[in-house]
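Asker: sequence first, then the predicted structure, then my questions.
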Amino acid sequence: MAQRTCRDCGKDISGLHGSAKLCLTCRPDTTKQRTQRRRARYPERFCADCGAEITNLHGNVRRCLRCRTVGPPRERRYCRDCGVDITDLYALALRCEACRAPNGRGTAPRTHQGCAGSDCYCSRDALAAMALLSSAEIAKRFDITQQTVNYWRKKFGLPRPPVTRPIHGNNQKYGTDRDFFARIDTPAKAYILGFIIADGSIHKNGKGVTIAIQKNDVSLLREIAAELGCTAPIGRKVPSRSPSGMPLAVLNLCGRKLTADLNALGVHHDKSYTATYPTVPEHLESHLIRGLWDGDGWIGKRQFSLAGTHALVEGVADSIYRHTGCRLRIRKASNGSDCYYAQGSRRDRAVMQWLYADPGLAMARKAGVYWLHWM
C-alpha cells in the first residue's frame, strides 16, 4: 500500500481511511469542537418533571429517561381514614386496602347520599336478609340498578340466588313440539331428521337447533316449522363467507329435550365430522334419505350425488342397495378433506324413483328436476 501523508503537517496517515487527507491533529472538526458548537447552537434544556439536564437528548424530548420509564416523582397520598401511605395505589384511591374491606379498620363512615343505615342496600345485614331475592327484585325495591346490587353482594361476599327454570323450556317465547324426535314413526319425522343431519346446526350448548337454507326454498322451511309446531318467525341472514352473498332463510328451534333426542339418534354439534346413518324403520328410509339429499345432495340431468361423512354415505348406499339393488359409487373428495360422495348415474334411475315414489315433504326445486329428467 502506498504511503500517504497529511497535506498540512506531512505526518504519515497510511493507517487512516483511504479518503482521509488530514491527520487527526489537523482536522478542525474534532469531537470536542462539535460538542462546543452544539451547546452554542442549542440552549440548555431541563426535564419538565424532575429538572435534570437533557441538553444532549433529542430536541423534541421534554423529559429525562428516568421520568419517561419510571415516571415523575409523585405527591405522597395518605388514607383519609387511618393515615397509611397510599401513594402506590391507583390515583383515585382515597382509602387503603384494609379500610376499604367490608369490615375495615377505618373510622370514617362509609355512606352514600341518601343512605338509610342498617336498612340500606349498602348494609351487609340488609342484603343477607334478602339472600333469596334476585338482583332485579332488590334493585326494584331500592330503586337502583342490578349492577349496584351485584357490586355490593360481591363486596360483602354474598352469593347470588340460584336461577330455577322449567326443564322443558316453558319459559320460551315461541312454542315447539320438543318431543318431536322422541320416536321416528312418521314420514315427516324421518324427512326432517335427514334434513337436519344435512343442513341443520346443533347448538354446542345443547339448547336448540338452527336450520338455514337458500331463501328461494323458504316454502320448505315453512312446512318443516308447521310439522314441528314451531311458532318462531323465519329469519334472514347473509353469510359473511358466501361467495355469492345470497341470503339464507333461518329457522331456530329451541329446547334441550329436542336436542337431547337428536343426540340420541347420533346427531351432535360436530355432525360434519361424526354423522352416522341413523336407525329408522325400513318403510321410512326413503323419506330419511330424501331429506339428506335435499340438504346435501345434488340432482342433475344425468347424475346425482350425496355428500357426507364416510359412515353416513356408506349407510345410505347400503340402504339404497337393499331397497333398489343399485350400488352407488363412493369416492373421497379430491380437495383432501374428510368428505365423501355417493354417486349415481342414468343406470341408477331406480334410486330416484324409489326416493320420490311417496314424496310427502320434499324440496320443490330438486323434485322439479326429478320430474323433468328422471321419470
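Answerer: Perfect, I can see it now.
Asker: could you list the low-pLDDT ranges of the stretch 151-300 of the chain?
Answerer: Counting by pLDDT under 70, the stretch 151-300 of the chain contains low-confidence residues at 162-173, 240-245.
Asker: do a quick rundown of the strands in it.
Answerer: 200-202, 208-214, 235-237, 248-254, 297-299 (DSSP state E, counting those that start in this stretch).
Asker: mind listing what the residue lying closest to residue 236 once chain neighbours are set aside touches?
Answerer: In this structure, residue 236 finds its nearest non-sequential neighbour in residue 247, 5.5 Å apart by Cβ to Cβ, 6 or more residues apart in numbering. All C-beta spots, glycine's among them, are computed from the backbone N, C-alpha and C. Listed by Cβ atoms under 8 Å, 6 or more residues apart in numbering, the contact set of residue 247 reads 215, 236-238.
Asker: mind giving me the PyMOL select for those residues, buried ones only?
Answerer: In PyMOL syntax, the buried subset of the contacts of residue 247 is picked out as below (16 or more other Cβ atoms under 10 Å):
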select buried, resi 215
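Asker: of the contacts of residue 247, which is the nearest to residue 127?
Answerer: Using Cβ to Cβ, residue 237 is the member of the contacts of residue 247 that sits closest to residue 127, with 43.5 Å.
Asker: residues in contact with that closest one?
Answerer: Contacts of residue 237 by Cβ under 8 Å, 6+ apart are 212, 247-248, 250.
Asker: just residue 374 next, same as before
Answerer: 299, 349, 352-353.
Asker: filter the residues you listed down to the ones in strands?
Answerer: With DSSP state E as the criterion, strands contain residue 299 from among those.
Asker: now, of the contacts of residue 374, which are buried?
Answerer: Applying 16+ other Cβ under 10 Å to these, the neighbour count classes 299, 349, 352 as buried.
Asker: tell me which of those residues is nearest to residue 160?
Answerer: If you rank those by distance to residue 160 using Cβ to Cβ, residue 299 comes first, at 55.1 Å.
Asker: I figured the closest one hits residue 369, correct?
Answerer: Yes: the pair residue 299 / residue 369 is scored as a contact, 4.7 Å apart, by Cβ atoms under 8 Å.
Asker: quick one: contacts for the residue nearest to residue 194 when sequence neighbours are not counted?
Answerer: Leaving aside its chain neighbours, residue 194 sits nearest to residue 291 (2.7 Å; criterion: Cβ to Cβ, 6+ apart). Each residue near residue 291 by Cβ under 8 Å, 6+ apart is listed here: 190-198, 361.
Asker: which outside residues touch stretch 19-30?
Answerer: Contacts for stretch 19-30 (Cβ under 8 Å, 6+ apart): 4, 6-9, 11, 13, 16.
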